[in-house]
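Asks: Give the three-dimensional model of this entry:
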Amino acid sequence: MFSQEELFAKALLIEAPWFVSELKFDQNQGRLDIWIDFERGSLFYYEDASLGVKGEFKAYDTRQKTWRHLNFFQYECYLHAWVPRIELPDGKIRLVQTPWEGLSTGFTLLMEAMLMEFMKMMPVHQIGKLYGISDHKLWKMLKQYNHLARAEEDYSQVKVIGIDETAV
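Replies: The predicted structure follows:
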């Protein structure tokens, strides 16, 4: 039999060195908060091609971060964690990326995936109203993913493009 924390860790695909340390469910506020921690002394992978750094590092210190996750039934769900910062060989301090965070500040990768799917079918304003998220934040997320997708496209074979007057 799993404890509540172990059950949520499995559902969230949280793996060592991370673990769910605490749960708080507030039915009146319509909110589930999940705290994630890591085992002390753990090593964290970090890579930065621009600095030529790649490897595993111990935590130097931590910063608290919060992400909006997929709703738990009809309740808003938030993940909270003390995220390790590591010290690079050149003395620079960098925050590691957690396995669950997305590109946008404040959303998990799964939440972003769901919002992006909705944006294919619904106006951004409606999604924002549905989830209590500002239009600005949703447009910023869409722009980040659009930029990422365009960077991976190969336009070398394009010879001609067409634009009609309504596109202007």
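Asks: mind saving the C-alpha coords of the longest strand seen in the chain as CSV?
Replies: Using DSSP state E, we find that the single longest strand of the chain is strand 53-72. Output of strand 53-72 as CSV, limited to C-alpha atoms (Å, rounded to 0.1, in the frame of the first residue of the first chain):
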residue,chain,number,x,y,z
VAL,A,53,29.6,22.8,-19.2
LYS,A,54,28.1,19.3,-18.9
GLY,A,55,28.0,17.1,-15.9
GLU,A,56,26.5,16.3,-12.5
PHE,A,57,26.8,18.7,-9.6
LYS,A,58,25.8,18.9,-6.0
ALA,A,59,23.4,21.5,-4.8
TYR,A,60,25.0,24.8,-3.8
ASP,A,61,21.8,26.2,-2.4
THR,A,62,18.1,26.3,-3.4
ARG,A,63,15.4,28.6,-4.7
GLN,A,64,11.7,28.0,-4.1
LYS,A,65,9.6,27.8,-7.3
THR,A,66,5.9,27.1,-7.9
TRP,A,67,4.3,25.7,-11.1
ARG,A,68,0.6,25.4,-12.1
HIS,A,69,-0.1,21.8,-12.9
LEU,A,70,-3.1,20.0,-14.5
ASN,A,71,-6.2,20.3,-12.4
PHE,A,72,-6.9,17.5,-9.9
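Asks: neighbouring strands for whatever helix or strand comes next after that strand, and are they parallel or not?
Replies: Note on strand 53-72: by DSSP states H and E, the next helix or strand toward the C-terminus is strand 75-87. Paired neighbours of strand 75-87 in the sheet (DSSP bridges): strand 31-38 (parallel), strand 53-72 (antiparallel), strand 93-95 (antiparallel).
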